[in-house]
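Let me see the structure of the following:
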Amino acid sequence: MATDSNLIDFADNPFGALLEIERRSRLVAGATGRGGETRGDWVGLGFRVGEHRFVVARDEVREVLVCPPLTRVPGARSWLRGLANVRGTLLPVTDLRYLLEGRMTGLYERMARIVVLRHPEVPAGFAVDEVYGFRQFAVGQRDEQAPEVPSGYRPFVNGAFSQNQEKWPVFSFYHLVEDEIFNDATDRELMA
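Okay, here's the model as predicted:
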């Protein structure tokens, strides 16, 4: 895209217009020093499970949904709440709190959401109690020591970010879906 292009040049290309607006915004932010540096910042999606807040790297998240209707999977563990049809694609929905703490999330409560994973091999959605939206942190706000979190979450938390006197543990859905706890979804008692 040309540096001196007008947005009217993108009348037939709305996505191209958005990219041009983003490019211009980054140039202005870099020139003025306002809005934080774009390089060296870490962006994640803030969410809550029970009383605990976390962030997950933006690159691990494809989208956030209100919980669609679910079809139960026979013989699956209770934390695998069911399959959702999302625009013609079947999406397994896991109750994150039930998987890691043994307590269910109210899937259809007002603030509950499904965080859909962006993973090259594992389609998955995770029910959480609330999503706060994207959070931006400077690299200097990173702390390799995570605050105390329930034991089920610890293997999937890598450090934290501090902002406005609040700690945001960094949760990795990628590590979770590669762990045996997630990959053992068959309820053997029901199958016997």
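
Tell me the buried residues in stretch 150-168?
By neighbour count on 16 or more other C-beta atoms under 10 Å, the buried set for stretch 150-168 is 153, 156-157, 160-161, 167-168. Heads up, the C-betas are built off the backbone N, CA and C, glycines and all.

from those residues, which single one is nearest residue 178?
Taking C-beta to C-beta as the measure, residue 178 lies nearest residue 156 of those, at 9.9 Å.

contacting residues for the spatially most central residue of the chain?
The centroid of the chain falls nearest to residue 61 when counting by C-alpha atoms, centre = their mean (4.3 Å). Shown in contact with residue 61 (C-beta atoms under 8 Å, 6 or more residues apart in numbering): 45, 115-118, 173.

same thing but at 7 Å, please
Contact analysis of residue 61 by C-beta atoms under 7 Å, 6 or more residues apart in numbering lists 45, 115-116, 118.

Out of those residues, name the ones that lie in strands.
Mapping those onto strands (DSSP state E) picks out 45, 115-116.

which one among those residues gets closest to residue 88?
For these, the residue nearest residue 88 by C-beta to C-beta is residue 116; the value is 14.3 Å.

how would you label residue 107: helix, strand or coil?
Three-state assignment for residue 107 (DSSP: H, G, I helix; E, B strand; the rest coil): coil.

Leaving out sequence neighbours, find the closest residue to the residue nearest to the centre of the chain.
For residue 61, ignoring the flanking residues on the chain, the nearest one in space by C-beta to C-beta, 6 or more residues apart in numbering is residue 45 at 5.1 Å.

How about the contacts made by the one you found?
Residue 45 makes contact with 55-56, 58, 61, 115, 131, 134, according to C-beta under 7 Å, 6+ apart.

Please convert the buried members of these into PyMOL selection syntax.
Buried subset of the contacts of residue 45, written as a PyMOL selection, criterion 16+ other C-beta under 10 Å:
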select buried, resi 55+56+61+115+131
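
So which of the contacts of residue 45 belong to strands?
Per DSSP E, the contacts of residue 45 map to strands at 55-56, 61, 115, 131, 134.
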